[in-house]
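[1] Compute the structure for the input listed below.
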Amino acid sequence: MIGRPAPNAARDTNLPFENTTTLVAAGAYRFIRHPLYASLLAFVWCAYLKRPMAIGSIVLALAASGFLLATAAAEERENLASFGADYAAYMKRTRRFVPYLF
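    Below is the predicted model:
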């Protein structure tokens, strides 16, 4: 397994597969740090574009975007604490959600 999950939970709030012991920078992670969150952002904004004038669509898109940005920032703080300088270098060479842009 690429991330080499730790057999014992490093953090009680994490699922076992979340406790990786090595930084994963292969596959989609080679270009962006949060591929799952990027796909959720794309999904919510596509749902918004389906009915752009509906107040509910606007509120959902903005709220979901805010929560996903906050979650990504929190995860990056955790990863900096876990992986240190390796993660800081990884952050410099990748983007958060969109390759080469954002």
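
[2] rest of the way, CA atoms for contacts and neighbours
    OK.

[3] Phi and psi next, for the residue positioned nearest the centre of the chain.
    With distances taken as CA atoms, centre = their mean, His34 lies nearest the centre of the chain, 2.9 Å away. Here the main-chain torsion angles of His34 (degrees, to the nearest 10) amount to phi -130, psi 70.

[4] As a check, name the ranges of all helices in this protein.
    35-50, 55-83, 85-93 (DSSP state H).

[5] pLDDT weak spots in the chain?
    By pLDDT under 70, the low-scoring segments of the chain are 1, 3-12.

[6] Quick check: most distant residue from the centroid of it.
    Outermost residue of the chain with respect to the C-alpha centroid, by CA atoms, centre = their mean, is Met53; its distance is 28.5 Å.

[7] and that residue, what are its phi and psi?
    phi -90, psi -10.

[8] which residues touch it?
    Not one residue lies near Met53 by CA atoms under 8 Å, 6 or more residues apart in numbering.

[9] For it, give its distance to Ala63.
    Met53 sits 16 Å away from Ala63, taking CA to CA, to the nearest Å as the criterion.

[10] swap in Val44?
    10 Å.

[11] Any idea how far stretch 80-95 is from the middle of the chain?
    Remark: stretch 80-95 is offset 13 Å from the chain centroid, using CA atoms, centre = their mean, to the nearest Å.

[12] pull the CA atoms of it into CSV?
    Output of stretch 80-95 as CSV, limited to C-alpha atoms (Å, rounded to 0.1, in the frame of the first residue of the first chain):
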residue,chain,number,x,y,z
LEU,A,80,2.5,19.6,8.1
ALA,A,81,2.6,18.4,11.7
SER,A,82,2.9,14.8,10.6
PHE,A,83,5.3,15.1,7.7
GLY,A,84,7.0,18.4,8.4
ALA,A,85,9.5,19.7,5.7
ASP,A,86,8.5,16.9,3.2
TYR,A,87,4.9,18.2,3.2
ALA,A,88,6.0,21.8,3.0
ALA,A,89,8.1,21.0,-0.1
TYR,A,90,5.1,19.1,-1.5
MET,A,91,2.9,22.1,-1.0
LYS,A,92,5.3,24.3,-2.9
ARG,A,93,5.2,22.0,-6.0
THR,A,94,1.5,21.2,-6.1
ARG,A,95,-1.8,23.1,-6.0
